[in-house]
Structure formats: structure tokens, C-alpha cells
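>>> take a look and give me a structure for this.
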Amino acid sequence: MTTDDLSIRPPRQERSRLAWARVLDAGARLIEEEGYEGFTIAAVCERAGVSVATIYARAASKDALFLAVYEHVLADITGEELVLEDSSRWDALPTPELIREAVSTVADRFLLHSRFLGSVILLSGTHAELRRRGAMYSQALGDRFSSLVLRREAEIARENPVEAVDACFRMVFSTLAIHVSYGAGFESGREMSDAALVREIRELAASYLLAPVS
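You can find the predicted model right below:
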């Protein structure tokens, strides 16, 4: 499938923009509730209250529509992540608390959007374009996390602070991705609540970055 096949023809009139917004919101709810298997053009039309012609006026295929919904949701999530760039939110925090709260900010994105993200993470294993786009968003989040934590680079007790912060983000991201994709208890027989998991990875991150290396 070419890039043109996946492109969206944007609506120009207000009425069309409102209808398209309903389509994107309906598609997001379907992915949350039914996964990709339940995401069909007919189901989206029914939920959004639009005709099939409305969809095909904007998107050439189910895949194009799916990716438009994905971009719609990820734009909202990216907006939430911008708190990591807000100096007023972080500058007064002691370094251990800054690290813990940065981890919580990443975790909140996963947990607040767990059903949607779980579905798309699983699908990205077999969907090349989704994987490509997902990697871009994931790496942008990693860059925000690293830029924030590396403001306190002088306090990071590792030989290479940049590599250490990157490894810390990978640990946090991977743990949360598995959690929302497969559920509690997948990788361990001891199930943990969301709150307990976040509490543990907050402490792991702070300890790894700040505890002196013996």
C-alpha cells in the first residue's frame, strides 16, 4: 500500500469537519472496546452516525481510516506529554522526586489510554506502517523524558548519564507496554495493581540513576 493510499483528504467545510471529528472519536472508541478486529468501516459509520460515502470521501481504505484514528489519538496523548517540557512544573523538585514524577507522567499516559495503546502495540508487530509511526512517537516521548531528567545530569551516579537515562526510559516504557498489552500477571505469576507497578518502577528508576555504583 502506497503513502497516497493511506493519506486523508481533509474536510474543508465546518459541517464536514464536525462529521469527520465524530468519525475519528467513534473509531477510537471501537479500537478501545473491540480491537482492530472489530474496527470496520460499517461499525465506525454506525457509531458516528455518518454514511459510508462520508468515510470514502476522506479515506481510501479501512487501513487509511485506522491510521487517521491512530494519529488523532496520539496527537491528544502527545499534547498531554508536553508537561515534561514545562519548566515551572519541574524546576523546584528535588532530583529524586523529579525522576519519580517523570516516570509517573509516562505511566499515566499508558494507563489513561491503556485499552487503545494495548491494541495498537499488539498490532504493530505485524503492521509495518503502524510500527514505523509508533516508533516515532515512542522515541519522541523518550527524548522528552531524557531531556527533563538530564537537567540534573550532575547528580546522576552513572559513568555515562546519557546512556543511563536512556536505559531507564527503555525499562519504564517496556514495562508499561507489556502491562497494557497483556495485562497484569503476564510476565510474572505475582499480579500487581497499576498503582503498585507504578510505585515500584518509580523507585527503581530513582535508585538506578542516583544510587552510587559500587
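>>> excluding its own residues, what touches the helix or strand where residue 44 lies? List them.
Element membership for residue 44, per DSSP states H and E: helix 41-48. Helix 41-48 has contacts (C-beta atoms under 8 Å, 6 or more residues apart in numbering) with 19, 22-23, 25-27, 29-30, 34, 51-52, 54-55, 62, 65. C-beta here means a position set from N, CA and C on the backbone, and glycine is covered the same way.
>>> just the buried ones from those residues?
19, 22-23, 25-27, 30, 54-55, 65 (16 or more other C-beta atoms under 10 Å).
>>> pipe the residues you listed into JSON lines and attach pLDDT per row.
As requested, those are arranged in JSON lines below (pLDDT from 0 to 100):
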{"residue": "19", "pLDDT": "92"}
{"residue": "22", "pLDDT": "95"}
{"residue": "23", "pLDDT": "96"}
{"residue": "25", "pLDDT": "97"}
{"residue": "26", "pLDDT": "96"}
{"residue": "27", "pLDDT": "97"}
{"residue": "30", "pLDDT": "96"}
{"residue": "54", "pLDDT": "90"}
{"residue": "55", "pLDDT": "93"}
{"residue": "65", "pLDDT": "95"}
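>>> relative to residue 171, how far out is the closest residue to residue 8 other than its chain neighbours?
Among residues not flanking residue 8 along the chain, residue 68 sits closest, at 4.9 Å (C-beta to C-beta, 6 or more residues apart in numbering). Computed with C-beta to C-beta, to the nearest Å, the distance linking residue 68 and residue 171 is 32 Å.
>>> more neighbours, these two?
More neighbours surround residue 68 than the other of residue 68 and residue 171, with 20 against 15 (other C-beta atoms under 10 Å).
>>> ok but residue 208 is inside a helix, no?
Yes - secondary structure assignment places residue 208 in a helix (DSSP: H, G, I helix; E, B strand; the rest coil).
>>> ok, back up a step: from the contacts of helix 41-48, which land in helices?
19, 22-23, 25-27, 29-30, 34, 52, 54-55, 62, 65 (DSSP state H).
>>> between these, which sits nearest residue 154?
Taking C-beta to C-beta as the measure, residue 154 lies nearest residue 25 of those, at 45.4 Å.
>>> how many neighbours does the residue nearest to residue 93 when sequence neighbours are not counted have?
Leaving aside its sequence neighbours, residue 93 sits nearest to residue 101 (C-beta to C-beta, 6+ apart; 6.5 Å). Per other C-beta under 10 Å, the neighbour tally for residue 101 reads 16.
>>> so which strand or helix has residue 101?
helix 95-112.
>>> for the helix or strand just after that helix, buried residues please.
Proceeding N to C from helix 95-112, the next assigned helix or strand is helix 114-124, under DSSP H and E. Buried residues in helix 114-124, defined by neighbour count with 16+ other C-beta under 10 Å: 114, 116-124.
>>> any chance of TSV for those residues, columns pLDDT?
Shown next, in TSV, are the buried residues of helix 114-124 (pLDDT from 0 to 100):
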residue	pLDDT
114	96
116	97
117	97
118	96
119	96
120	96
121	97
122	95
123	95
124	96
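>>> which one of these is nearest residue 159?
For these, the nearest to residue 159 is residue 121 (32.3 Å; C-beta to C-beta).
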